[in-house]
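K.L.:
Got a sequence here, can you model it:
(one chain, ligands or ions: 2)
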Amino acid sequence: MAKRDYYDVLGVAKGASADDIKKAYRKMAIKYHPDKNQGDKEAEEKFKEAAEAYEVLSTPEKRQRYDQFGHAANASSPNGGGYGGGGMNMDDIFSQFGDIFGGGSPFEGFFGGGRQSGGGGRRVARGSNLRIKVRLTLEEIANGAEKKIKVNKQIICKTCDGSGAKDKSSFQTCKTCGGSGAVRRVTNTILGQMQTTSTCPTCNGEGSTILSKCNVCHGDGVVRGEELITIQVPAGVSEGMQLSMSGKGNAAPRGGVPGDLIILIEEVPHETLKRDGNNVIYDLHVNFVDATLGTSIEVPTIDGKAKIKIDPGTQGGKILRLKGKGLPEVNSYHRGDQLVHINIWTPKALSREEREILEKLQGSPNFKPNPGKNEKSFFERMKEYFE
Ligand SMILES: [Zn+2]
Ligand SMILES: [Zn+2]
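P.N.:
Ligands and ions are numbered 1, 2, ... in the order given. This is a model prediction of the structure:
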């Protein structure tokens, strides 16, 4: 049997908006829903047909392919499934309904019957997220760090094991909802009987009530306490970055899902090294005699001291690059460099003897600044640095 045009099936125009398609499908789904048309084969076929049309037209890529090739594209598709609409069973169709009818819509209950979808069922409490700050030195950031931190938070009550009840017999199935956590209300509408589902007000959706509460937590199942948490901080993190540990936040009342622990990274400023992204900058001061004659100097790095060579005739402003002596990137093997800025140090106080020596040199032609073509300008050095 030839398939009908999907647009015709839903009764919309070719250029219909996503919203119009959704609305049209909603109408069809209500009209031909099996709960309303029990035993009606034709209605069931129409219901399936509409679901298939919706499945294709509500997915932008599938719709585009359908607009271009029509049903032919489906048949020639290598995986056989094509649009994925062809073999939809009832469960697939019902699983779509969460998107179409949304939570809290009156249709949720309408389609209820034996199936329960979406909200209104037993509600699980969730603990709140917790935020803490972790301060790290550059060395810790470079190597990654394991931090043990005492966190003050809601923890599970040990006395009642988080149940909130004095003992097991203290639990009673909620009389209002019979344990389902949800209450239904039936109203008559033009579409027939319609059920709305909402969270049970007596037990707040938990399905049971506590007759005698735990003495320690007074029924909450949680108490204020401390937990020693071990945090693995990966190498390369930076100031302001947030890490999240699932389930390490506040415990939830009565056996719910705990919140997350959010860890905010703070950098402890280093005494001598400055961070710039993954690079580390060090300001080195060399006196003009060492810069003139050349020498070797020890500089601090993240991994300890390193010796660097100052060539004879080194000019101020030169930047030496220590490859790989910077910081790693998070989740990468790449490591930044250390950049050593060379500043020429001019002595401020001189002995008589030193002054006499320098006075002899003052007029010397070698001491006349003469930046040649080989001397890099400030601008060129900056450019080199940022590369
Ligand atoms: Zn307790
Ligand atoms: Zn209840």
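K.L.:
Every contact and neighbour count from this point should use C-alpha atoms.
P.N.:
Noted.
K.L.:
can you give me the strands in the stretch 201-350 of the chain?
P.N.:
Assigned by DSSP state E, counting those that start in this stretch, the stretch 201-350 of the chain shows strands spanning 208-210, 222-233, 242-245, 261-267, 273-276, 279-287, 295-301, 304-310, 319-322, 338-345.
K.L.:
next one: the stretch 51-200 of the chain
P.N.:
When secondary structure is read from DSSP E, counting those that start in this stretch, the stretch 51-200 of the chain shows strands at 130-136, 145-156, 171-173, 182-189, 192-199.
K.L.:
Nearest approach to Ser364 belongs to which of those?
P.N.:
Proximity to Ser364 (Cα to Cα) singles out strand 130-136 among the strands of the stretch 51-200 of the chain, at 52.1 Å.
K.L.:
for the strands of the stretch 51-200 of the chain, which one sits closest to ligand 1?
P.N.:
strand 145-156 (7.8 Å; Cα to the ion).
K.L.:
thinking again about what came up before, so which of the strands of the stretch 201-350 of the chain gets nearest ligand 1?
P.N.:
If we rank these by Cα to the ion, the stretch that ends up nearest is strand 222-233, at 6.5 Å.
K.L.:
Can you pull the residues of the protein lying near ligand 1?
P.N.:
Within reach of ligand 1 by Cα under 5 Å from the ion, the chain has these residues: Cys157, Thr159, Cys160, Gly164, Cys214, Val216, Cys217, Gly221.
K.L.:
Produce a PyMOL select command limited to the buried residues of those.
P.N.:
Selecting the buried subset of the residues of the chain next to ligand 1 in PyMOL, with 16 or more other Cα atoms under 10 Å as the burial test, is done by:
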select buried, resi 157+159+160+164+214+216+217+221
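K.L.:
for the residues of the chain next to ligand 1, which one is nearest ligand 2?
P.N.:
Gly164 (16.3 Å).
K.L.:
my read: that closest one touches Leu211, true?
P.N.:
No. Using Cα atoms under 8 Å, Gly164 makes no contact with Leu211, being 10.1 Å away.
K.L.:
hang on, the earlier thing: what would the residues of the chain next to ligand 1 look like in TSV with pLDDT and distance to Ile265?
P.N.:
Shown next, in TSV, are the residues of the chain next to ligand 1 (pLDDT from 0 to 100; distance: Cα to Cα, whole Å):
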residue	pLDDT	distance to Ile265
Cys157	93	30
Thr159	92	35
Cys160	90	36
Gly164	88	35
Cys214	92	38
Val216	93	35
Cys217	92	33
Gly221	90	31
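K.L.:
Between the residues of the chain next to ligand 1, which sits nearest Leu361?
P.N.:
Cys157 (82.1 Å).
K.L.:
quick one, domains of the protein?
P.N.:
Per the TED database, the structural domains of the chain span 1-71, 123-157+220-267, 271-382.
K.L.:
Ranking these by mean neighbour count, which comes first?
P.N.:
For those, the largest average neighbour count (mean count of other Cα atoms under 10 Å) is found in domain 123-157+220-267, namely a mean of 18.
K.L.:
What mean pLDDT does stretch 39-49 get?
P.N.:
In this model, stretch 39-49 carries a mean pLDDT of 86.
K.L.:
and what of stretch 124-134?
P.N.:
89.
K.L.:
Need the residues that contact that stretch.
P.N.:
153, 205-206, 249-266 (Cα atoms under 8 Å, 6 or more residues apart in numbering).
K.L.:
if we can go back for a sec, lowest average confidence across the strands of the stretch 201-350 of the chain, which one?
P.N.:
strand 208-210 (a mean of 86).
K.L.:
Pairing partners for that strand, with directions?
P.N.:
strand 171-173 (antiparallel) (DSSP bridges).
K.L.:
how about the partner strand, does it get close to ligand 2?
P.N.:
No. Judged by Cα under 5 Å from the ion, strand 171-173 makes no contact with ligand 2; its nearest approach is 7.7 Å.
K.L.:
Mind listing residues that contact that strand?
P.N.:
By Cα under 8 Å, 6+ apart, strand 171-173 touches Ala165, Gly179, Gly207, Ser208, Thr209, Ile210, Leu211.
K.L.:
Tell me, how many residues neighbour the closest residue to the second one other than its chain neighbours?
P.N.:
The shortest distance from Gly179 to any residue that is not its chain neighbour, by Cα to Cα, 6 or more residues apart in numbering, is 3.9 Å, and that residue is Gly207. The burial metric for Gly207, expressed as a neighbour count using other Cα atoms under 10 Å, is 23.
K.L.:
about what we covered before: distance to Ala235 added to the strands of the stretch 51-200 of the chain, as JSON lines?
P.N.:
Formatted as JSON lines, the strands of the stretch 51-200 of the chain follow (distance: least, Cα to Cα, whole Å):
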{"stretch": "strand 130-136", "distance to Ala235": "11"}
{"stretch": "strand 145-156", "distance to Ala235": "7"}
{"stretch": "strand 171-173", "distance to Ala235": "48"}
{"stretch": "strand 182-189", "distance to Ala235": "48"}
{"stretch": "strand 192-199", "distance to Ala235": "46"}
